[in-house]
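Asker: Whatever this is, show me its structure:
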Amino acid sequence: MLNATVTAAPSSPAVDDAALARAAAAGDVHAYERIYRRHAPKLNALLWRLCGGNASRAEDVLQETFIQAWRKLPQFRFESALGTWLHRLAVNTALMELRASATFESLDVGEDGMEQLSEMAAPARCNAAGMDLERALQTLPPRARAVLVLHDIEGWKHQEIATELQMAVGSSKAQLHRARGLLRVRLGEVR
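Answerer: Alright, predicted model coming up:
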């Protein structure tokens with residue numbers, strides 16, 4: 001039989017996060033484990049998209065994110081919510097990982113070369129009937145996928161994306177336009 005303990009209603013996650021962050025910054029490993037359990041699933045979903053559906057790569061980036069968070073937590077200034085800070089740290093970690101990838105850098109074709117992206121063979125190209133959005137995202141070139149995920153899913157502005165991906169704002173807009181077009185084709189909306 002399960003031993004159930006009745007506890008008071010939990011306080012808001014933001015308050016809990018702040019208390020947990022302070023405790024973890026002071027070296028409380030159990031508080032840090034609670035932070036990890038609370039935020040890892042959402043961050044993993046984001047990283048999975050940014051890593052093109054590569055689960056092991058996303059897990060590696062997630063682990064690196066939390067290693068960095070452990071090191072940087074004592075400097076966390078509580079100017080934003082802990083979840084927001086972790087989210088930004090995860091995105092930055094993923095983008096640094098993607099930038100280190102030769103494939104990612106080789107796809108920075110600039111505004112004049114965007115047509116090259118549409119001519120690239122899509123890995124595992126298949127009929128729209130069996131393909132969902134997540135699988136379609138995986139087929140996008142890494143830089144186009146990063147721009148689309150950050151803009152359309154995460155709500156970043158083009159200036160933020162351009163800064164993070166070290167590209168011109170116009171390139172961010174062009175990459176987003178191309179990524180959306182490639183998604184429409186892969187989802188069967190355009191032939």
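Asker: so where's this protein uncertain?
Answerer: The model of the chain has pLDDT under 70 over residues 1-15, 102-131, 189-191.
Asker: So which residues of it form helices?
Answerer: 13-25, 29-50, 55-72, 82-100, 102-106, 115-119, 133-138, 142-148, 158-165, 169-186 (DSSP state H).
Asker: Same list (these) but as a markdown table, adding mean neighbour count.
Answerer: From N, CA and C alone the C-beta is placed, and that goes for glycine too. Formatted as a markdown table, the helices of the chain follow (neighbours: other C-beta atoms under 10 Å):
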| stretch | mean neighbour count |
| --- | --- |
| helix 13-25 | 17 |
| helix 29-50 | 18 |
| helix 55-72 | 17 |
| helix 82-100 | 19 |
| helix 102-106 | 12 |
| helix 115-119 | 12 |
| helix 133-138 | 17 |
| helix 142-148 | 25 |
| helix 158-165 | 18 |
| helix 169-186 | 19 |
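Asker: can you list the domains in the chain?
Answerer: 13-100, 105-186 (automatic domain parsing).
Asker: Any chance of the backbone angles for residue 81?
Answerer: phi -70, psi 150 (degrees, to the nearest 10).
Asker: how near is it to residue 17?
Answerer: According to C-beta to C-beta, to the nearest Å, residue 81 stands 7 Å off from residue 17.
Asker: can you check residue 79 too?
Answerer: Counting by C-beta to C-beta, the gap from residue 79 to residue 17 is 13 Å.
Asker: What lies in contact with stretch 155-170?
Answerer: The contact list for stretch 155-170 (C-beta atoms under 8 Å, 6 or more residues apart in numbering) reads 91-92, 95, 99, 108, 111, 143, 146-147, 150-151, 171-173, 175-176.
Asker: ok, and the closest non-adjacent residue to residue 92?
Answerer: residue 164 (7.1 Å; C-beta to C-beta, 6 or more residues apart in numbering).
Asker: go on, residue 34?
Answerer: Nearest to residue 34 is residue 20, by C-beta to C-beta, 6+ apart, at 5.5 Å.
Asker: Quick one: residues contacting that neighbour.
Answerer: For residue 20, the contact set (C-beta under 8 Å, 6+ apart) comprises 31, 32, 34, 35, 38, 82.
Asker: Let's see that with 10 Å instead.
Answerer: 13, 28, 30, 31, 32, 33, 34, 35, 36, 38, 73, 82 (C-beta atoms under 10 Å, 6 or more residues apart in numbering).
Asker: is it possible to export these to a markdown table including distance to residue 137?
Answerer: Converted to a markdown table, these look like this (distance: C-beta to C-beta, whole Å):
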| residue | distance to residue 137 |
| --- | --- |
| 13 | 28 |
| 28 | 37 |
| 30 | 36 |
| 31 | 34 |
| 32 | 31 |
| 33 | 31 |
| 34 | 31 |
| 35 | 28 |
| 36 | 26 |
| 38 | 25 |
| 73 | 31 |
| 82 | 27 |
